[in-house]
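Student: pasting the sequence and the predicted coordinates here, then a few questions.
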Amino acid sequence: MPELPEVQTVVNSLAKLKNKRIISFKSFHSKIIYNLDHSTFIENVVNKKVDSVKRKGKYILIKLDTGYLVCHLRMTGQLFLSDKLPENRRHMRAYFNLSKDFMIYNDIRKFGGFYYFSSIDEFNLKVGVDPYEKEFTFKWLRNGLKSRSRSIKHLLLDQKFICGLGNIYVDEILWLTKIHPEKKSNKIKMIKNLYENILTVLDNSIKHHGTTIINFTFDNMKTGEFKNELKVYAREGMRCFRCNNKIIRKKIASRSTHYCRKCQK
Ligand SMILES: [Zn+2]
């Protein structure tokens, strides 16, 4: 599933969308618009010009001259620009005609789709703080951890707390900070390290265009290279790079969690 670095990679690849006008929208899957009926969605996005493309958490925010077109890729969504419609349209669920080119949305499993919001405040109610927003400070994280007592893995996955982190990066961040994924958030002492490592792991993954394990491509089928940098995720049974102990995998917060029992206490 695309997480923050993968979505940022997609956003970067959509930079050319700026100043293009949406001429028409066509969809091939009835549930692709989450929050409006099809004709209201079309009324709100067609004939609008793109002002900017940004990201918040795992959402792609396309600011139009009025309102926001928002895309969530969920499990297997792919959003990219192309000068023509693909020959193989088996997984194409929608496209936006941009006059000289197209913005195409493919999705094998059909969980992803679009929203339209007339204001950003309406959207912001849905999600927590993004690690690249100015609200995300060491002090904010310390207060958030101290005032809650859930397991740290569970809390970091909660999109209404921090938006954008998912299973892969939470495992990587906790390994790097030497924190056991089941540790209660209010008992954690290394909050400064945790804060810095959240940004370090995300920065590093964005630099490598995200992690392609399954189903992540951007810019019409390029893939991310962060998988070569993974320290703990998907390394069950292999040796810990720090202490040589075996990496184990256990279900925590209903997610497959990878960690080292020896150096994550
Ligand atoms: Zn270890």
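Tutor: That came through fine. Numbering: from 1, shown residues only.
Student: now the strands: where do they sit in the stretch 51-200 of the chain?
Tutor: Here the stretch 51-200 of the chain has its strands, by DSSP state E, counting those that start in this stretch, at 59-64, 68-72, 77-82, 92-97, 102-107, 113-117.
Student: turn those into TSV, including mean neighbour count.
Tutor: Where you see a C-beta, it was placed from the backbone N, CA and C, and this is true even at glycine. Shown next, in TSV, are the strands of the stretch 51-200 of the chain (neighbours: other Cβ atoms under 10 Å):
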stretch	mean neighbour count
strand 59-64	21
strand 68-72	22
strand 77-82	22
strand 92-97	21
strand 102-107	22
strand 113-117	22
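Student: looking at those, which is closest to residue 210?
Tutor: strand 77-82 (12.4 Å; Cβ to Cβ).
Student: could I get the CA-only coordinates of the closest one as CSV?
Tutor: Coordinates of each C-alpha in strand 77-82 appear next as CSV, following Å, rounded to 0.1, in the frame of the first residue of the first chain:
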residue,chain,number,x,y,z
GLY,A,77,-4.2,2.9,-7.1
GLN,A,78,-1.9,4.5,-9.8
LEU,A,79,-2.3,8.1,-10.9
PHE,A,80,-0.1,9.4,-13.8
LEU,A,81,0.0,11.7,-16.8
SER,A,82,0.2,10.4,-20.3
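Student: and that strand, which strands flank it?
Tutor: Strand 77-82 pairs in its sheet with strand 102-107 (antiparallel), by DSSP bridges.
Student: and the closest residue in space to residue 124 that isn't next to it in sequence, what is it in contact with?
Tutor: Nearest residue to residue 124 in three dimensions, chain neighbours excluded: residue 56, at 7.8 Å (Cβ to Cβ, 6 or more residues apart in numbering). Shown in contact with residue 56 (Cβ atoms under 8 Å, 6 or more residues apart in numbering): 123-124, 127, 130, 133, 163-164.
Student: sorry, back to before: out of the strands of the stretch 51-200 of the chain, nearest to residue 209?
Tutor: Closest of these to residue 209 is strand 77-82, at 13.4 Å (criterion: Cβ to Cβ).
Student: if we can go back for a sec, of all the strands of the stretch 51-200 of the chain, which one is nearest residue 237?
Tutor: Nearest to residue 237 among those is strand 77-82 (31.4 Å), distances taken as Cβ to Cβ.
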